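Participant: Sequence and predicted structure are below.
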Amino acid sequence: MDASELREILSLDGLRLLDELPPWDTTADVVRTVSALRKAGHAPGLVAAVLGQSRLRSRARAKFGPFADRMLFTEAGLEQATRLSVAAQHAGRFQRAGITWVADLGCGIGADAMALASLDLEVTAVERDEVTAAVAAYNLAPWSNARVEQANAEDADLAGIGGVYLDPARRDGSRRLTDPADWSPSLDFAFDVAARYPTGVKLGPGIDRELIPDDAEAQWVSVDRDVVELGLWFGVLARPGIRRSALVIGSHGAAELTAEADSPDEGVGALGEYLYEPDGAVIRARLIGDLARSLDGRMLAPTIAYITADTAIETPFASAFRVVAEFPLDQRALKREIASRGIGTLEIKKRGVDIDPAAFRTALAPKGDGSATLFLTRVGSGRRAILAERVSHEPQ
């Protein structure tokens, strides 16, 4: 969205038309919709801008729920925006630490600033891009304790600020920036701020762990089994005795696994009656060993992130499966097994083997009314296939 499109949307006609539109329907005839709006007397630029915003609002509901229907978005801003459930966790840290005034440097469309302001914290949201800053100002308008400044994060006046939150931009248009020095603001700048203020830094979950400072609490976050971010917390925002944590958010609420450091893996043992697939946040945080011990479990093979145990224990930190059968990893033999069991819906997961699950599923040609999950992995030193079914109490 450019400045001219934003002006169209922020006009009285634009906001009125945006609110009057029915929910975005991906199956609708867009040409017919455009024609109807043009026939009603709306200018072409206004129609294009409003329909584009309606589409973004529809996509944003996955992150913001019903709040999306009263917000404005840019394509890039929505992509990098923090989910509302995660932003609430960020804001809670500042509140619990007793910080009353937060600078959100590189605020984007204002997702984290909204969460901070909703807890009655004073928020100074800084965004360098003119259009994005205007969008953030619109989204933050309901809160008198939040203000938006269009400026570079590096130039922000932090006098009197109690804490800082940064979400460095890691893209240049459609291109992902791999060098932290090219981020906006750079990672070096973020860590310099963290040396002077209680600070939270949002990063991608796959960042090189060598870049994580020793004095930071590193928290990997997943939402509905999708790992969405790595948060680094400094000063009073970092909890004593915790340097690694996995926060898992889902229908069960929020659950967290914490440790002072990476946990050593549990020993390797025989395949038991149950197999557990750890949540991605647990894997990223390298807390698989602690999880295995909490399940009275063991590893299937060294460096393979599957846990096996003899009992089913409900946990938010892993998906649980009951083992039905184990076979050598032989495609022709497996095809016969799948056919004999009438399995038509087959979920395939793999770790430690060089196999394309989609191509393997096609080769197995599953057919029937049954369903199952097939794990292609290593057990001990050998390649094996494990047929399993999901345990019904698994959080979704």
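Facilitator: Here it is on my side, so go on.
Participant: Now do the helices in the stretch 51-200 of the chain.
Facilitator: 75-80, 84-96, 111-118, 130-140, 187-194 (DSSP state H, counting those that start in this stretch).
Participant: and among the ones you listed, the most buried is which?
Facilitator: Between these, helix 111-118 has the highest mean count of neighbours, a mean of 26, where neighbours are mean count of other CB atoms under 10 Å. Glycine gets a C-beta too; all of them are placed from N, C-alpha and C.
Participant: quick one: contacts of it?
Facilitator: Here helix 111-118 makes contact (CB atoms under 8 Å, 6 or more residues apart in numbering) with 63-64, 67, 81-84, 87-88, 90-91, 94, 102, 104, 107, 123, 125, 136, 139-140, 143, 145-146, 148, 165, 167, 202.
Participant: before we move on, the earlier item: mind putting the helices of the stretch 51-200 of the chain into a markdown table with mean pLDDT and distance to residue 208?
Facilitator: Compiled in a markdown table, these are given as follows (pLDDT from 0 to 100; distance: least, CB to CB, whole Å):
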| stretch | mean pLDDT | distance to residue 208 |
| --- | --- | --- |
| helix 75-80 | 93 | 19 |
| helix 84-96 | 97 | 22 |
| helix 111-118 | 98 | 24 |
| helix 130-140 | 97 | 28 |
| helix 187-194 | 97 | 10 |
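Participant: So which of these is nearest residue 347?
Facilitator: Minimum separation from residue 347 across the helices of the stretch 51-200 of the chain (CB to CB) falls at helix 84-96, 25.9 Å.
Participant: before we move on, the earlier item: any chance of the helices of the stretch 51-200 of the chain in CSV, with distance to residue 323 too?
Facilitator: Formatted as CSV, the helices of the stretch 51-200 of the chain follow (distance: least, CB to CB, whole Å):
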stretch, distance to residue 323
helix 75-80, 39
helix 84-96, 33
helix 111-118, 42
helix 130-140, 49
helix 187-194, 44
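Participant: quick one, strands of the stretch 151-300 of the chain?
Facilitator: 163-166, 171-172, 175-176, 199-203, 217-223, 226-233, 244-250, 253-259, 274-278, 298-299 (DSSP state E, counting those that start in this stretch).
Participant: May I ask which helix or strand of this protein has the lowest mean pLDDT?
Facilitator: The weakest-scoring helix or strand in the chain, judged by mean pLDDT, DSSP states H and E, is strand 171-172 (a mean of 78).
Participant: by contact count, what packs against it?
Facilitator: Under the contact definition 3 or more CB pairs under 8 Å, 6 or more residues apart in numbering; DSSP states H and E, strand 171-172 sits against helix 75-80.
Participant: Using CSV, list the CA coordinates for the helix it packs on.
Facilitator: Presented in CSV, the C-alpha positions along helix 75-80 are these (Å, rounded to 0.1, in the frame of the first residue of the first chain):
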residue,chain,number,x,y,z
GLU,A,75,1.2,-6.5,3.2
ALA,A,76,4.7,-6.4,4.8
GLY,A,77,3.3,-5.1,8.2
LEU,A,78,0.8,-8.0,8.5
GLU,A,79,3.5,-10.6,7.6
GLN,A,80,5.8,-9.5,10.3
